[in-house]
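Q: Quick one, what's the 3D model for this:
(3 chains)
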Amino acid sequence: MRNQMNRSLLRTFTIALASMVAIATAARADDLVVGFSQIGAESAWRTAETKSMKDEAKKRGITLKFSDAQQKQENQIKAIRSFIAQQVNAIVLAPVVETGWEPVLKEAKAANIPVILADRTITVDDPSLYVTFVGTDLVAEGRMAGEWLAKDTGGKANIAELQGTTGSAPAIDRSKGFREALANYPDMKIIMTQTGEFTRAKGKEVMEAFLKSPDGKNINALFAQNDDMGLGAIQAIEEAGLKPGVDIKIVSIDGVKGAFEALVAGKSNCTVECQPLTGPAVFDAVEKAVKGIDQPKKIIVKDGVFDQEAAKAAIDSRQY
Amino acid sequence: MSETLVYAQSPVPRRLPFSRQQMPLLATILVCTALYIGACVTFRGFFSKDVAVAFFGDNAFLGIAALGLTPVILSGGIDLSVGSMVACANIVLATLVENHHVSASVAILLVLAGGALFGCGTGMLIHFFDLTPFLITLGGLFALRGGALLISTDQIAITNDTIVKLTTATVPIGFGVQLPITAATFIALAIVLIFVSLYTSFGRNVYAVGGNEASAVLMGLPVGRTKVLVYTLSGFCSALAGVVYTLYTSSGDATAAKGMELDAIAAVVVGGTLLSGGVGQVIGTCVGVLVFGIIASAINFQGTLDPGWNRIVIGGLLLAFIILQKIIQPGKTGHA
Amino acid sequence: MTTAPLDYAPPPPRSPRGIPLLVWPILVLALLLIFNFFFTPGFFHLTVRDGRVYGSLIDILRRGAPVMLLSLGMALVIATGGIDLSVGAVMAITGTIAAALIVRPDDSPLAFINVTHSLTLIILLSLAAAAIAGLWNGLLVALLDIQPIVATLILMVAGRGIARFPTSGQIVTFEHPGFEFLGTGGFLGLPFPVTIVVVVAILTGLLTRGTALGLFVESVGNNPKAARLAGVSSSRVKILVYVFCGFCAGVAGLISTADIKAADFNNLGLYLELDAILAVSLGGTSLSGGRFSIVGALIGAVLIQTLTTTILARGVPEPLTLVIKGMVVVLVCLLQSEKFRSRCKRLFKRGNS
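A: Numbering: from 1, shown residues only, chains lettered A, B, ... in the order given. Next comes the predicted model:
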């Protein structure tokens, strides 16, 4: 009798233990570990994107391994390799440049780790090296800026352009899009263009030089490829005794809070949003990828275009 | 042991282990090992073949440039143009192979020759006109970066068969380890340069010129030739680093390796070489590169540092390394 | 960068014929200005508006003010045989501390300090932080005997991280007319940054040439052993120059932050340390230590800024800008080289005779 009781006790105990182990391992399997190789922390926009990713990961109970590459491609490649070594469930990559990812992505593919691109896209021969791209369309941003400016100035303007960091994807793509839009308006001319390196200080310095140049007094519009440069340029315009937003129409891209404040104050005319809060969309894609569910190759996050009126209405709800 | 004291000031590095001259290097290796063990213990997955191989592969281009920089610093000079040379070599190789359809081997040879030539020119300017190496190579930094950007501001994806095949080529070295070609080049170059620095007259001349140029001249050593050769070597190595970078990423990018010269100099100096010249070892540079690689990997494995703490931790670990280095070795290491 | 024996002390910044090395950067500067006179319309045009003078020449001085300040401190550090790579990061730290003190964001670790009403205190506290950063460098170099390039590299890397903390990683903008005056105000018709540079330069000159400090600095850099034997405390001198360099970087940081009315910890002062070292070198101070020239450093800084402004005024794209900058650097170096000049003279002589 005792033997039988012991045996059944043992059996129950074993079953309980086994199921606990099973539940425990199952729970661990649900705990996703995602490696995120971020470009850096070089601007408010970038830090907003990072925060969105971290917050979303926390909300979903995902362990996020975060790597700040300080804007160097080799650091991102290193980070991806370490993610592979740590056997993460998925890799999110915000690539600092467009090319050069084949070797390391091949390794990720060989390790069966899905790769999701965030914010910027890459050029690869083999599209199976990444699952999907979640982000904004940089070329479209440039185009929207150009279209808005054309509408606002009636198709006639002498434009000064502040470009981003030479050789960077946003600079290349936004320039392309802007010029595509301008091609339809022969009276809209870019009379001067220089790099403002995406910073406030350089934007101000270059704008000063623009205004002082012999053609400077003809400038009646400014296209700043990001808001920071635009904000610096606004200061330069003011210090030159002109009225930004009135004497010179200003359109910039990103949609940071500073730009909204400038719009409300009447110092800027338009900002094209470049949505950094892509955390939810990215992690949706990650979870689908891990489960093996099919999804489109490109998931474009919509950008809005905000003029002064729209800015006044929206400014309180801006998160970054 | 007393004989070693008599030779303590000799510019020729001792080949016997544990001599006074070797202490800085030993200290460096010891602390590097401690760092590695610490990381292995803290992070699951750190202690693995792949991670160890990655140290050499991922840091290969930095390591090759730092190796080429070591003789320059040992001779009392400096070369700030290494980063820009890497980018220039990278974009020139990519352009030649993709846009001008030059064969990969010819293109690589051209790039290496170009780098050596540029270095030779730098060395000649520095020697014949008594110019400050810092300034001239700073000018080189600007000029090469501008040159690279002039060639192409867009990145160039490489589809050339040979290069693509090379990016995944590996060299088996036993124990089931496959070294990627980038790592293999780094290690091969290290072995060559260690040999050259310790066992050739060129190596001895480099140490002599760095230790005391005036004395070297009086001793009748070929100071001019030595100085031109170290810069030629540095130019060659940075171009080689650029080729390796091309294999590493399979693309051309004129904005690559910005600020890399500072990383390379730091690796050389952390490895125990004095910036004033005459003291240090090539193998120390290898250790220095590994140290930076381990720190970067450890931070990646940690995975939760935000950008602010990221930089502070790197700086802090570097400081800890330097201080430990000083504690372990007796006596002065000299000062700048 | 070689340590020469006693009887081969590095030559003073004068060629044997007595032409100061300073002549060459001045010459190149003059050439640049002449080039602009002919080819850049309106470069020398000066207008007066609201009691302030405006023009490209004034811009050069105003835009070059931060580098000029950096080069003042850097000249002294280099003269002791050292180098300070962290000046850019110190600029960022100082600027963000000032911004945090002005705006007092809720999540800032400095929120407990309430000095928004007092411009003096804001400036003093920020500069104190800069001096402490300099002290840190000085202690590492002088007491722990760490090579200056590595010691200051540590702060250069870590400092960019430290600079994020006062404003909790947010690029804070502010409106503070008093503080903004530092960057955009005017005094005696000239931009206020220029006044600041003049004041600090005079201060530096008095400190170094009016007291024995300059001699001490030069002797420590020229020949540390001899200096020690002569009773000069090398550690104290070194610590002092690094603190001073940190202070100068702090002032530069305040000016730059006031200029853009924002705490841009990522980009403030980025790569400016190279420009400062370049300026000091062009101005005739040898990088291996020894004699230094304050005026030379300032002229070097003005030369660099003139080049930048000229290029901007002509709308030259960045790649070409870099190549030109490189060539100008090499040109000035060649001109400063006695050997180069004598070889050129020989070429001419052979041609004539």
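
Q: can you tell if the longest helix along chain C touches chain B?
A: If you go by DSSP state H, chain C has its longest helix at helix C:234-260. No. Helix C:234-260 lies out of reach of chain B by CB under 8 Å from any CB of the partner chain, never closer than 9.0 Å. Backbone N, C-alpha and C define where each C-beta goes, glycine included.

Q: The residue of the stretch 51-200 of chain C found nearest chain A: what secondary structure?
A: Nearest residue of the stretch 51-200 of chain C to chain A, counting by CB to the nearest CB: C:Ile171, 4.8 Å away. For C:Ile171, the secondary structure call by DSSP: H, G, I helix; E, B strand; the rest coil comes out as coil.

Q: Ok, A:Glu238 next?
A: At A:Glu238 the chain is in helix, as set by three-state DSSP.

Q: Could I get the contacting residues of it?
A: Going by CB atoms under 8 Å, 6 or more residues apart in numbering or on different chains, A:Glu238 touches A:Pro244, A:Lys267.

Q: now do A:Pro280
A: By CB under 8 Å, 6+ apart, the contact set of A:Pro280 is A:Ser52, A:Glu56.

Q: quick one: low-confidence ranges for chain B?
A: Residue ranges of chain B with pLDDT under 70: B:1-22, B:329-336.

Q: which stretches of it form strands?
A: Remark: strands assigned in chain B by DSSP state E are B:156-157, B:170-172, B:178-180, B:251-252.

Q: circling back: which residues touch the residue of the stretch 51-200 of chain C closest to chain A?
A: By CB under 8 Å, 6+ apart, the residues touching C:Ile171 are A:Ser43, A:Ala44, C:Ala262, C:Ala263, C:Asp264, C:Phe265, C:Asn266.

Q: Could you do C:Ser235 as well?
A: By CB under 8 Å, 6+ apart, the neighbours of C:Ser235 are C:Ala142, C:Leu143.

Q: if I look at it, how far off is A:Ala44?
A: For C:Ser235, the distance to A:Ala44 equals 42 Å [CB to CB, to the nearest Å].

Q: now do C:Leu29
A: C:Leu29 sits at a distance of 38 Å from A:Ala44 (criterion: CB to CB).

Q: Of these two, give the one with the bigger neighbour count.
A: Neighbours were counted for C:Leu29 and for A:Ala44 using other CB atoms under 10 Å in any protein chain shown; A:Ala44 has more, 23 against 20.

Q: so how many other residues sit close to C:Ile58?
A: 18.

Q: That one against C:His45, yeah?
A: No. Judged on CB atoms under 8 Å, C:Ile58 makes no contact with C:His45 at a distance of 10.6 Å.

Q: For A:Ile191, grab phi and psi.
A: A:Ile191 adopts backbone torsions of phi -90, psi -20, taken as degrees, to the nearest 10.

Q: ok, now C:Gly186?
A: The phi and psi values for C:Gly186, taken as degrees, to the nearest 10, are phi -130, psi 150.

Q: How about the residues of the stretch 151-300 of chain A by chain C?
A: Counting by CB under 8 Å from any CB, the residues of the stretch 151-300 of chain A close to chain C are A:166, A:192-195, A:197, A:199-202, A:204-206, A:208-209, A:212-214, A:228, A:231-232, A:235, A:239, A:241, A:258.

Q: tell me what the helix or strand harbouring C:Leu215 is packed against?
A: According to DSSP states H and E, C:Leu215 maps onto helix C:213-222. In this structure, helix C:213-222 packs against helix C:56-79, helix C:224-229, helix C:234-260, with contacts taken as 3 or more CB pairs under 8 Å, 6 or more residues apart in numbering or on different chains; DSSP states H and E.

Q: Show me the strands in the stretch 251-353 of chain C, by range?
A: With strands called from DSSP state E, counting those that start in this stretch, the stretch 251-353 of chain C shows none.

Q: where in it is pLDDT low?
A: In the stretch 251-353 of chain C, residues with pLDDT under 70: C:351-353.

Q: one step back: just the residues of the stretch 151-300 of chain A next to chain C: which are in helices?
A: The helices, defined by DSSP H, take in A:200-202, A:204-206, A:208-209, A:212, A:228, A:231-232, A:235, A:239, A:258 from these.

Q: now, among those residues, which is nearest to chain B?
A: Closest approach to chain B among those (CB to the nearest CB): A:Lys202, at 15.7 Å.

Q: What's the separation between A:Ala145 and A:Lys257?
A: Separation of A:Ala145 from A:Lys257 (CB to CB): 19 Å.
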